[in-house]
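1. Test case, fold it:
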Amino acid sequence: MDVTERAELLVVGYAVRTTNADEMDHARAKLPGLWQRAGAPGAFAHVPGQVDENLYAVLTDYESDHHGAYTQIVGIGVRTVPRLPEGMVAVRVPGGPALKIEARGQMPQALIEAWQEVWKHTESGGTPARSFATDLEVHHPGGADLYLSI
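-> Okay, the predicted model is just below:
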């Protein structure tokens, strides 16, 4: 884990509210459906101003910490927020210092292992401490990079 500067980003995508406990139960998990919807061919073809080919996951509106509810938005980075297509939301990911973790290897297992490392860091009181403001996953051909707000 390294501290880095994260640039501001606008993301347009689909959102769900969930908890990590719900995601461990296949009957209550919402993230697989969210990712299936966002990853479908052409899911964002009608959204103008896409900045790159990456898929972004924004984790925000934390109720408390990694045990509480949070909102996840999966979408694309855009230059400006267009008129939103039905069912989509827009979120501004603020720039600033962030803890960066790289997930490489077979997905989604590599991503799960990266988040387990994050939870271990949080539970052990690791520094710098997470602020639970707005976290970001950047999914690209080489894997995923997690940027945790500190």
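2. quick one, phi/psi of the nearest residue to residue 85 once chain neighbours are set aside?
-> Using Cβ to Cβ, 6 or more residues apart in numbering and skipping residues adjacent in sequence, the residue nearest residue 85 is residue 46, 5.9 Å away. No exception for glycine: its C-beta is placed from N, CA and C like everyone else's. For residue 46, the backbone dihedrals (degrees, to the nearest 10) come out as phi -90, psi 10.
3. Could you tell me how many residues sit around residue 46?
-> Using other Cβ atoms under 10 Å, residue 46 has 9 neighbouring residues.
4. now it: how far from residue 36?
-> 18 Å (Cβ to Cβ, to the nearest Å).
5. What does the pLDDT read for the most centrally placed residue in the chain?
-> In the chain, the centroid-proximal residue (Cα atoms, centre = their mean) is residue 57; its distance is 2.6 Å. On pLDDT, residue 57 comes in at 98.
6. Is the residue lying closest to residue 69 once chain neighbours are set aside in a helix, a strand, or coil?
-> If the residues on either side of it in the chain are set aside, residue 69 comes closest to residue 63, at 4.3 Å by Cβ to Cβ, 6+ apart. At residue 63 the chain is in coil, as set by DSSP: H, G, I helix; E, B strand; the rest coil.
7. quick one, helices of this protein?
-> 20-23, 31-38, 109-123 (DSSP state H).
8. Nearest to residue 67, out of these?
-> helix 20-23 (7.0 Å; Cβ to Cβ).
9. what does the closest one contact?
-> 28-31, 66-67 (Cβ atoms under 8 Å, 6 or more residues apart in numbering).
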